[in-house]
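Visitor: predicted model, plus sequence, below.
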Amino acid sequence: MPDDDLPPYFNIAPDAAMAALGEPTDTARFAAIAEGCARGRTDLAGRGLDASGERQLRLFSTWEITRYLIPVAPAHFRRVLRQNSDLPQGRAETEGGAKWFTLDEVLRLRAHFAAEGSKAKDYRPYRPKDLPAKMVAVANFKGGVGKTSTCAHLAMSAALDGYRVLVVDLDSQGSMSSIFGARVDDEWQTIYPLLARHYARHLQGDNQRRMDRGEAPLPLDDTLSEALKVRAADLVQRTHWPNIDLVGAQLNLYWAEFQIPVWRMASRGWKLWDALSETLAADGVLENYDLVFFDTPPALGYLTINGLSAADILLVPMGASFVEFDSTGRFFDMLHATFQSIEEGENVAARALGREEMAFEWDAVRTLITRYDAGQQAEMAGLMQAYLGRTLSPYRQDFTALIGQSGEQARGIYEADYRDFNRDTYVRGRATFDATYAEFKKLLVGIWRRDELAAQNAERAAE
C-alpha cells in the first residue's frame with residue numbers, strides 16, 4: 001500500500017512530533033491561557049456594543065413585527081401608525097425603506113393594539129392576575145446538550161412575547177451572563193449573598209433558642225453579617241433587553257458549593273434547599289416578574305438543588321443519542337435519590353413532632369431533544385419517546401445554520417439580524433426555536449390556568 005493511502009496515525013516521526021510539541025506546561029501557564037481566553041471573550045462579547053460600550057439589542061423591522069410579534073397584517077399596521085402620530089413611527093435606513101423599531105417601541109405598539117385592537121387576538125400573552133411568577137429550571141448534568149442556549153432562547157422568546165423575565169445564572173462558568181453582556185466582578189454580585197442571608201437568618205433564630213436555653217450563641221462572621229444587608233434588587237442587572245433582567249454569575253460563585261455544606265454542618269436544621277425560593281419570594285421577585293429562569297451548572301450540586309427546589313417547571317435538554325439518553329436517565333435517578341433523601345430526613349422529625357410531612361412537587365417536568373438531526377437520529381428519538389412517554393416533549397429542536405452562527409457570535413437566535421442570512425435560512429432557524437417556545441408556553445399557560453381555577457374554587461369555598 002502506498003504511504004499516501006495509509007491512515008494518518010502511521011509513520012509519525014518522533015523528532016518531528018517533538019519539535020511541534022513545545023515546552024512542558026507549568027501552573028503559571030494556566031494563568032496565561034486564562035488571560036488569552038479572557039481577552040478573546042471580551043472581544044467576542046463586545047461585538048454589538050453601542051458607542052457607549054454597552055450591549056445594544058438590534059432593531060426589528062415591520063416584516064418581523066407583523067410576522068412574529070404582533071398578529072396584524074402589514075398594511076393594517078402601517079395604517080394604524082399613520083392614524084396615531086403619538087405611537088412610535090420607527091426609522092428607515094434609506095429613503096422610503098422599511099421601518100425599524102426598538103423592542104421598547106414594539107412593546108408600546110403591542111400595548112396599543114391590545115387596548116384598541118380586536119379582542120379575539122392575543123396581543124398580550126396569557127398571565128392570570130394576582131398569581132406569582134413561575135420559576136423554570138433548565139438542568140442536566142450532561143454537558144453539551146444545549147442547556148444554556150435553550151434557557152437563554154426561552155427567556156428571549158418570552159420577552160418578545162411580552163413577559164417580564166428574570167434570568168438567574170447559577171453556573172459559575174457564567175455563560176448565560178456572557179450572553180447578556182453582564183459584568184460580574186465577584187461573588188457578591190451573584191446569588192451567593194442571598195443564600196448566605198438565608199443561612200444567617202436561620203442562625204439568628206437558632207441563636208435565640210440557644211440563649212433561651214442559657215447556651216452561648218454561635219457568632220455571625222463578617223460574610224453573614226454583610227449578607228443580611230443584601231436584597232435581590234441589589235443583585236439584579238438590567239440587560240440590553242428592555243424586559244429581561246439578570247442575576248449574573250462568575251467563577252467565585254463556585255465557592256458556594258464548599259460553603260453551603262459547612263453551614264449545614266454547623267446548623268443541621270437549616271433547610272438549604274429553600275434558600276433561593278424563600279429569599280426571592282421575600283424580596284418581591286415573584287411579583288415583579290412573570291417568569292424566572294434558572295440556568296444551572298452541569299452537576300447536581302448545592303446550587304443546582306436550590307434551583308430545582310425553587311422551580312415550578314423543570315426542563316431537561318438532551319441529545320438523541322445513547323450516551324445522552326443514558327446520562328439523562330442517571331440524572332433523573334440522582335434527582336430521585338437526592339430529593340427522596342431530603343424528604344425522608346425531614347419527615348422523620350415531622351412525624352415525631354406531629355407536623356405535616358413535606359413533599360417536593362413540580363408543576364411539570366419535561367425533557368427536550370435538542371440539536372436534532374432527523375436524517376440520522378429519528379430511530380433513536382422514537383425509542384426515547386417510547387420509553388419516556390409524556391415526559392419527553394414530542395417536539396424536537398432541529399440544528400440549523402442559524403444556531404451555529406449565533407453561537408459563534410455569542411448572541412441568541414433572536415438577536416441575529418435576518419439580513420445577515422438567506423431569508424429562508426433565517427425563517428427555518430427561527431422556526432425551530434419558536435416551536436420550542438410554543439411547547440414551553442403550552443405548559444406555562446396550562447399550569448397558570450390550573451392555578452387560576454384552583455384559586456377561584458378556593459375563594460368560592462371560603463365565601
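Guide: Perfect, I can see it now.

Visitor: contacts and neighbour counts: CA atoms only from here.
Guide: OK.

Visitor: gap between the longest strand along the chain and the chain center?
Guide: Longest strand of the chain, by residue count under DSSP state E: strand 364-372. Distance of strand 364-372 from the chain centroid (C-alpha atoms, centre = their mean, to the nearest Å) equals 14 Å.

Visitor: sheet-wise, list the partners of it with their directions.
Guide: Partners of strand 364-372 in the sheet, by DSSP bridges, are strand 313-318 (parallel), strand 392-398 (parallel).

Visitor: so which bits of the helix ranked longest in the chain are buried?
Guide: When the chain is parsed with DSSP state H, its longest helix is helix 423-462. Within helix 423-462, the residues scored as buried using 16 or more other C-alpha atoms under 10 Å are 426, 428-430, 432-434, 436-438, 440-441, 443-444, 447-448, 452.

Visitor: Provide a list of residues in contact with the closest residue to V316 other than its chain neighbours.
Guide: In space, and not counting its chain neighbours, V316 is closest to T367: 4.4 Å by C-alpha to C-alpha, 6 or more residues apart in numbering. Counting by C-alpha atoms under 8 Å, 6 or more residues apart in numbering, T367 makes contact with L315, V316, P317, M318, T391, L392, S393.

Visitor: name the nearest residue to the fifth one, sequence neighbours excluded.
Guide: I take that to be T391. R366 (4.8 Å).

Visitor: I figured the one you found was touching T328, is that so?
Guide: No: counting by C-alpha atoms under 8 Å, R366 stays clear of T328, with 11.8 Å between them.

Visitor: quick one, which of the two is more surrounded?
Guide: Taking neighbours as other C-alpha atoms under 10 Å, R366 and T328 compare with T328 leading, 20 against 17.

Visitor: how about the strands in the stretch 51-200 of the chain?
Guide: 60-61, 91-92, 99-101, 134-138, 165-169 (DSSP state E, counting those that start in this stretch).

Visitor: remind me what the second one packs against, helices and strands.
Guide: Spelled out, that is strand 91-92. strand 99-101 (3 or more C-alpha pairs under 8 Å, 6 or more residues apart in numbering; DSSP states H and E).

Visitor: where does V145 fall, phi/psi-wise?
Guide: phi -100, psi 0 (degrees, to the nearest 10).

Visitor: that one: what's it in contact with?
Guide: V145 sits next to P317, M318, G319, T370, R371 when contact means C-alpha under 8 Å, 6+ apart.

Visitor: now swap in A73 and tell me
Guide: Listed by C-alpha under 8 Å, 6+ apart, the contact set of A73 reads T66.

Visitor: one step back: next, the angle strand 364-372 makes with the longest helix of the chain.
Guide: Angular relation of helix 423-462 and strand 364-372 on a 0 to 180 degree scale: 180 degrees, by axes from the mean of the first three to the mean of the last three C-alpha atoms, to 10 degrees.

Visitor: got the angle for helix 423-462 vs strand 134-138?
Guide: 130 degrees.

Visitor: per-residue confidence averaged over helix 423-462?
Guide: Here helix 423-462 scores 88 as its mean pLDDT.

Visitor: who does it touch, helix- and strand-wise?
Guide: Counting contacts by 3+ C-alpha pairs under 8 Å, 6+ apart, helix 423-462 is packed against helix 147-161, strand 392-398, helix 401-408.

Visitor: buried residues in the shortest one, which are they?
Guide: Of the residues in strand 392-398, those buried by neighbour count under the rule 16+ other C-alpha under 10 Å are L392, S393, R396, Q397, D398.

Visitor: per-residue confidence averaged over it?
Guide: Strand 392-398 shows an average pLDDT of 86 in the prediction.

Visitor: cool, the longest one as well?
Guide: Predicted confidence along helix 147-161 averages 92 (mean pLDDT).

Visitor: and that helix, what does it pack onto?
Guide: Here helix 147-161 touches strand 134-138, strand 165-169, helix 175-179, strand 244-247, strand 291-295, strand 313-318, helix 423-462, going by 3+ C-alpha pairs under 8 Å, 6+ apart.

Visitor: what comes up buried for that helix?
Guide: For helix 147-161, by 16+ other C-alpha under 10 Å, it's 147-161.

Visitor: for stretch 61-76, same thing?
Guide: For stretch 61-76, the neighbour count (16+ other C-alpha under 10 Å) marks S61, T62, I65, T66, L69, I70, V72, P74 as buried.

Visitor: export those to CSV and tack on pLDDT?
Guide: Output for the buried residues of stretch 61-76, formatted as CSV (pLDDT from 0 to 100):
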residue, pLDDT
S61, 93
T62, 94
I65, 94
T66, 93
L69, 93
I70, 93
V72, 92
P74, 93
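
Visitor: between all of those residues, which two are at the greatest distance?
Guide: S61 and V72 (13.8 Å; C-alpha to C-alpha).

Visitor: and the nearest residue in space to L368 that is not next to it in sequence, what does it touch?
Guide: Nearest residue to L368, sequence neighbours excluded (C-alpha to C-alpha, 6+ apart): P317, at 4.7 Å. Applying C-alpha under 8 Å, 6+ apart, we find P317 in contact with V138, A139, N140, V145, G146, K147, T150, T367, L368, I369, T370.

Visitor: which one of the buried residues of stretch 61-76 sits closest to T279?
Guide: Distance to T279, by C-alpha to C-alpha, is smallest for L69 among the buried residues of stretch 61-76, at 33.9 Å.

Visitor: thought that closest one was touching L160?
Guide: Yes: the pair L69 and L160 qualifies as a contact (C-alpha under 8 Å) at a distance of 6.8 Å.

Visitor: OK, contacts around V230?
Guide: Taking C-alpha under 8 Å, 6+ apart, we find V230 in contact with P193, L194, R197.

Visitor: any idea how far the residue nearest to the first one when sequence neighbours are not counted is from L276?
Guide: Meaning P193. Once flanking residues are discounted, P193 sits nearest to A227: 5.1 Å by C-alpha to C-alpha, 6+ apart. Using C-alpha to C-alpha, to the nearest Å, A227 is found at 14 Å from L276.

Visitor: nearest to R419, out of the strands paired with strand 364-372?
Guide: strand 392-398 (21.3 Å).

Visitor: which other residues reach the closest one?
Guide: 366-374, 384-385, 432-433, 435-436, 439.

Visitor: and if you look at stretch 191-205?
Guide: Contacts to stretch 191-205, defined as C-alpha under 8 Å, 6+ apart, come from residues 168, 170, 187, 218, 220, 223-225, 227-232, 235, 247-249, 253, 256, 263, 267, 270, 272, 275-276, 278-279.

Visitor: buried subset of those residues as a ChimeraX selection?
Guide: ChimeraX command restricting these to the buried ones, with burial defined by 16+ other C-alpha under 10 Å:
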select :168,170,187,224,227,228,230,231,232,235,247,248,249,253,256,263,270,272,275,276,279
